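> below are the sequence and a predicted model; questions follow.
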Amino acid sequence: MRARVMAIASVTAILAVQAATGQSGADVTAFAGHWQVAGVAVGDGGVQALADNDPSFMGKRLTFSRARLAWDRPQATHDACSNPQFMRVDKPAPAELRAQLRKLGMPRPTTFAIKCRSGNWGPADNPVVFRGAGGVLALPWYDGGMLKLVRR
């Protein structure tokens, strides 16, 4: 009887740790790989430096790994993030970004904060990435652009 109680307690503890990890963060391997910009969406208001599906970003490639997030050749910017961590944010995308996400076919993505041990990633002080159906990513970027990334 005591052995059974200990076994149940052990399984419960393991499941609790897995659930907490799944809710609070994401292993970088879920994001690791080679990505390509397959779409660009800009907001509908004001003057824009970019256009929807802007040719200056279309086809650009990035690599996400445990060691770093960085643009491949040719570099779109000099941003590079060392030892990234992805933490799930239990809030929907901010209202001001939802129209751009819908343009990219991502009406209800999951938000992940990106924390860099060193370096910078993107224009925001607290960078995020959105993950949609099929593992497609959306990345808020400079000049009010939202980049749609597909795995390559």
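Yep, that arrived. Residues are numbered from 1 along each chain as shown.
> C-alpha from now on. contacts and neighbour counts both.
Will do.
> any idea whether residue 143 is helix, strand or coil?
helix (DSSP: H, G, I helix; E, B strand; the rest coil).
> not including adjacent chain positions, what is the nearest residue to it?
Spatial nearest neighbour of residue 143, excluding adjacent residues (Cα to Cα, 6 or more residues apart in numbering): residue 49 at 5.9 Å.
> quick one: that neighbour and residue 144, what's the gap?
Per Cα to Cα, to the nearest Å, residue 49 is found 8 Å from residue 144.
> among the two, which residue is more densely surrounded?
Between residue 49 and residue 144, counted using other Cα atoms under 10 Å, residue 144 has the larger neighbour count: 17 against 11.
> which phi and psi does the residue nearest to that one when sequence neighbours are not counted have?
In this structure, residue 144 finds its nearest non-sequential neighbour in residue 42, 6.1 Å apart by Cα to Cα, 6+ apart. The phi/psi pair for residue 42 (degrees, to the nearest 10) reads phi -120, psi 160.
> does residue 42 touch residue 50 like I think?
Yes. In this structure, residue 42 is within contact of residue 50 by Cα atoms under 8 Å, at 6.9 Å.
> hey, what's in contact with both of those two?
Counting by Cα atoms under 8 Å, 6 or more residues apart in numbering, the shared contacts of residue 42 and residue 50 are 144, 145.
> okay, these two: which has more neighbours?
For residue 42 versus residue 50, the count of surrounding residues by other Cα under 10 Å is larger for residue 42: 25 against 19.
> in the sheet, who's paired with that one?
Following DSSP bridges, residue 42 is listed with bridge partners residue 145.
> what residues are up against it?
Shown in contact with residue 42 (Cα under 8 Å, 6+ apart): 48, 50, 51, 52, 100, 144, 145, 146.
> who touches stretch 69-82?
For stretch 69-82, the surrounding residues in contact (Cα under 8 Å, 6+ apart) are 57, 60-64, 67-68, 84, 116-122.
> find the nearest non-adjacent residue to the residue most central in space within the chain, please.
Nearest to the mean C-alpha position of the chain, by Cα atoms, centre = their mean, lies residue 129 at 2.5 Å. Excluding the flanking residues, the one nearest residue 129 by Cα to Cα, 6+ apart is residue 139, at 4.9 Å.
> all set now, cheers.
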